[in-house]
Structures are given as structure tokens and as C-alpha cells.
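> predicted model, plus sequence, below.
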Amino acid sequence: MNLMNKYPRLSDLKKPASKRIPKFVYAYLDSGTGHDHAKDGNRTFLDGIELTPKFMRGRINPDLTTKLGSKTFKAPFGAAPIGLSSLIWPGAESIIGCAAKKYGFPYTLSTVAGESIEMVSRSAGEMAWFQLYAPKDRELMRDLLRRAKGCGYSTLLVTADVPSPSRRERMRIAGAPLGSRGNSAFSSRVIWQSLLRPEWAVRTLFNGGARFRNMEPYAKKNGTMGITKFIGDQLNGSLDWDYLSEIRAQWDGDIYLKGLLHGQDAARAVTLGINGIVVSNHGGRQLDAAPSPLAQLSSIREAVGDGVPLIVDSGIMSGLDVVRALAAGADFALIGRGFMYAVAALGKKGGEHAVTILLEEVCDVMAQLGLKNIDEVKKIRSTGF
Ligand SMILES: Cc1cc2nc3c(=O)[nH]c(=O)nc-3n(C[C@H](O)[C@H](O)[C@H](O)COP(=O)(O)O)c2cc1C
């Protein structure tokens, strides 16, 4: 079967993903919050960005090499952190991590992913980034950072935009256990939905169910509190500016503050020595009235000045969207759900298939626009294409 002919776009993988994983897991992956207005708004904003080509420039062989701060990648995009990714598809972290290492783009491991910092450093190598949800216990934070540093991670994404869990109504309707949001018990509906997806069920069983390998050692030490309660207690709403300064002092690599939408927050982060900002509305999963991050880019750029890397995510589902984001003023793009639909649909082949689609699409769009390299893509805006 030729995967590229069958699934030439990331969006083609949504339906097969929904057929391979239980309904409550798909609801967790796909949903926004409230009525999904913010999630849908991300898509609408991207679709509204038109790019006008210039012709007569000879043969174009696009060079996708991308500089971000002091690092160079082979593509202008990376994989965003996804909590519980091993519940979506067991081993998803290493599947995407391996693709990242092979194709030279960053893979971000979530604090609450299934696989551990140590496991992913082996699959993703130098392409591994770590995402931190700041734990209430600062010694726990220091230990997570020590572990990441010890394994060679050099870039940290600190997530700012989860001051508390959001309601995630679609998850509730699908019968999902809500973890720190509420009832974490497995209902008969969850068991029934799981039995309808036997490959997922067997793989998940062999993987030990919903795992949080980064956090498990600390939860165990803490005694009787269950892991989801422990995580909810530790990770919800601990971050403030003072805490961010302490994280800055503890980490000597690059730090990107993830989830900002306001220029004042971005400017303040930069004054604390934060290296760059991930402008994001968490894929529309936290606040249903949040603006599209792309709509905020110019005010954030104005607030932080030139030279501060701005990464964008939320809604990016194609190479065209990556080019749109760069043309709108971003330096780099992250993709969350897109990689996960691919892995849920195709298992081991999903990581490579997703990146192959994205690379082909970025090259195609650059060629159609007459752009040779990523610097030229980023200049579209200022040169008024
Ligand atoms: C299922 C799921 C889990 C997520 N878990 C995390 C997480 O653990 N940490 C984090 O910083 N962001 C998390 N995010 C947000 C993503 O990192 C990213 O901001 C978002 O997915 C981008 O939007 P997109 O999915 O439309 O590409 C999660 C998103 C999804 C869809």
C-alpha cells in the first residue's frame, strides 16, 4: 500500500485514527474546550491567510534549513508536547522521537507523557526537548531538570497556559475518566469502548495502561495518593513569575515560555532571561474565547522586539499552514494533534509518514511561491507579497 497515495494529508488520518482508538481517547485527542470555538477559530484564521506567488524565478529547490536561536534544524517545524501520548497510542513518544532524530526536527516530551525523559533521550537524541509543567514541590522540579540535563536535553518549554484544568466537555460526553478534572475511575463505558478497539487494548495492556513514567517515581515516594491525584495536586496552577525566575536559574539551556497570547506577558518573560516564546492557545483546549495565536503575533513581536524567537502552534495541520505561520511572522511552528492522528492511525509508521507529508508540503508551497529558503519565507510579510 502506498501510504502517500492513501493518506496524502495529515487530515486524511483523522478518520482512521478515530477507528483505531477508543471513542473516549479520540475525544481526549481531538477536542478543544467549551464549544470548540477557539479550536475552530485557529483553523479559520489559518485558512484566511492568502499567499500571493511571484513567478519567473527559474527552478526552485527549496532549502528548509531553519535557524532557531542558537540551533539549526532541517525543517521549520517540530512536534508539540502531548500529555498521555502513550494512552493515545502506546510508544507514541518514541515513534515521533525516532522520526525527529532521523529528519532533524525537535520532538517535545511532555512532563505527563507516557514515556520517560530517559527513554525519549534514547529515541530522539539531540532532537529531544522537554516540556515542564511546574510542580508545586520545587525539589521535584529541580530533579526533573537534573534528569533532563543529565540525558542531554538542552531546550526546555515551560507551559504557562494551564492555570487550572479546563472543562473539556467532549471528553465528559464520551465518558472519559477526567483525571485531575474529576472522576478518574474507569467506567463500564470506557471498558466497552476499549474492547471495541482490540489492537489498542492489547497494546495498552502490555504497556501497563495509562502511564506517567516521568512522575511515577515521585508519586510512589509520596505514598498512598493515586498517580492522577498526585499529578493534579502537583501540576495545577503552580507557576508564577517568581517561580519562572527560579526555573531560569536552574536551567542553563534555552527556555521557551509556552502558551502566551499577550504582549505584556511576553515582554516580562524576556526581561527574566527567557529565550523565546511559544505563542499558543493550547490548540484551543483551555479558553474557548482565546484568540488565534497568529492574530497575536504582531503585537507580541512589537512587545519583545526583533531577535526574540517566536514559535507558534495551534491548528497547524499542513506544510501550507507552516508556511502561513512563518509568513505571518513566526520563526518556527509546532504541531500537536497532526502527529498524533498519524501515529494513532498508522502506529509505528505514523511518525515518519507525518513528517514526510509536512516536508513535501512545505517544499511544494515554497516552490509555488518562488521561495528558495526559510529566510525568504519569513520576509514575505515585510516585503508585502
Ligand atoms: C491531547 C493533547 C495533549 C496535550 N498535552 C500537553 C502537555 O502535556 N503539555 C503542553 O504544554 N501542551 C499540551 N498540549 C498542547 C500542545 O502542546 C499544543 O499546544 C497544541 O496541541 C497545538 O495545537 P494543535 O494540536 O492544533 O497542533 C496538548 C494538546 C493535545 C491535543
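Here it is on my side, so go on.

> who in the stretch 151-300 of the chain is up against the ligand?
159, 258, 280, 282, 283, 285 (CB under 6 Å from any ligand atom). C-beta coordinates here come from the backbone N, C-alpha and C atoms, glycine included.

> right, I mislabeled it, should have said the stretch 1-150 of the chain
Residues of the stretch 1-150 of the chain lying close to the ligand (CB under 6 Å from any ligand atom) are 28, 29, 80, 81, 82, 83, 110, 112, 131.

> what pLDDT is listed against the third one?
Spelled out, it's residue 80. If you check residue 80, the pLDDT there is 99.

> contacts only, for it.
Residue 80 makes contact with 108, 283, 313, 334, 335, 336, 339 under the criterion CB atoms under 8 Å, 6 or more residues apart in numbering.

> could you do the fifth one as well?
If a contact means CB under 8 Å, 6+ apart, then residue 82 has 88, 92, 110, 113, 336, 339, 340 as its contacts.

> which ones among those are found in helices?
Under the assignment DSSP state H, the contacts of residue 82 contribute 88, 92, 339, 340 to helices.

> count of neighbours near the last one?
If you count neighbours by other CB atoms under 10 Å, residue 340 ends up with 26.

> ok, now the second one?
Residue 92 is flanked by 26 other residues according to other CB under 10 Å.

> go on, the third one?
Taking other CB under 10 Å as the neighbour definition, residue 339 ends up with a count of 30.

> ok, residue 292 next?
Neighbour count of residue 292, defined by other CB under 10 Å: 23.

> how much space separates it from residue 40?
Distance, residue 292 to residue 40, using CB to CB, to the nearest Å: 10 Å.

> same deal with residue 226?
Applying CB to CB to residue 226 and residue 40 gives a distance of 35 Å.

> a markdown table for the contacts of residue 82, including pLDDT?
Shown next, in a markdown table, are those (pLDDT from 0 to 100):
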| residue | pLDDT |
| --- | --- |
| 88 | 98 |
| 92 | 98 |
| 110 | 98 |
| 113 | 98 |
| 336 | 99 |
| 339 | 99 |
| 340 | 99 |
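
> the strand or helix carrying residue 46 - contacts with which helices or strands?
Per DSSP states H and E: residue 46 is located in helix 37-47. Packing partners of helix 37-47 (3 or more CB pairs under 8 Å, 6 or more residues apart in numbering; DSSP states H and E): helix 293-304, helix 319-327.
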